[in-house]
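Student: how would this look folded up:
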Amino acid sequence: MNNQTPVCYGVDYSRWTGAREMFEELTAENKEKKIRLINIGEPQITRESFYQQLLRQIPFPTKTAAFFLSDYFAIEAISYLGSKGIRVPADLGIAGFDDINYAHLTVPKLTTIHQNMERKAELAVTELLSAIQNPIYMGKEVLLDVMLIARDSI
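Tutor: Sure thing, here's the model as predicted:
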């Protein structure tokens, strides 16, 4: 597991932190699980270097999958791997997070985690208005349900 923390802040950093905590919990419970969390890097050239490294490390006869913390990165990976002759999902399964509009347009269609963006926006505006009305308002953490959208990439 590579615990290198992304340089970015905001949603990418929050996703990275949450994923890292969950992966550490999963691997602590069962040392046999072959799960690695890797920061693929923010700049595209860094990500392409990661994809090249991934191609060298994957034991393709063994079924393997990669989960990306955003559909954008998952779609980018599908495109890059396809250009190198790697068949998704036959050689490598790919899943993303967000269920963006383009997730069902990829070939293969992207398996992803759907979040209700309208509800997320409503809660964000409510919190913003509360903060504007009460300058000492500290905010609150809200967890929203998500749903697996099983398509063709796994």
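
Student: residue boundaries of the helices in the protein?
Tutor: For the chain, applying DSSP state H gives helices covering 11-29, 44-57, 71-83, 117-133.

Student: would you turn those helices into JSON lines with distance to Leu110, mean pLDDT and mean neighbour count?
Tutor: Every residue, glycine included, has its C-beta placed from N, CA and C. Compiled in JSON lines, those are given as follows (distance: least, CB to CB, whole Å; pLDDT from 0 to 100; neighbours: other CB atoms under 10 Å):
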{"stretch": "helix 11-29", "distance to Leu110": "17", "mean pLDDT": "79", "mean neighbour count": "13"}
{"stretch": "helix 44-57", "distance to Leu110": "16", "mean pLDDT": "76", "mean neighbour count": "13"}
{"stretch": "helix 71-83", "distance to Leu110": "6", "mean pLDDT": "90", "mean neighbour count": "18"}
{"stretch": "helix 117-133", "distance to Leu110": "16", "mean pLDDT": "90", "mean neighbour count": "11"}
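
Student: So which of the ones you listed is nearest Thr106?
Tutor: Nearest of the helices of the chain to Thr106, taken as CB to CB: helix 71-83 at 5.4 Å.

Student: What are the contacting residues of that closest one?
Tutor: 40, 44, 47-48, 51, 55, 66, 68, 88, 91-92, 94-100, 102-103, 106-108, 110, 112, 153 (CB atoms under 8 Å, 6 or more residues apart in numbering).

Student: one more time with 7 Å, if that's ok
Tutor: If you take CB atoms under 7 Å, 6 or more residues apart in numbering as the criterion, helix 71-83 is touched by 40, 47-48, 51, 66, 68, 88, 92, 94-100, 102-103, 106, 110, 112, 153.

Student: likewise stretch 110-121?
Tutor: So stretch 110-121 is in contact with 71, 74-75, 94-99, 103, 144, 146-151, 153-154, going by CB under 7 Å, 6+ apart.
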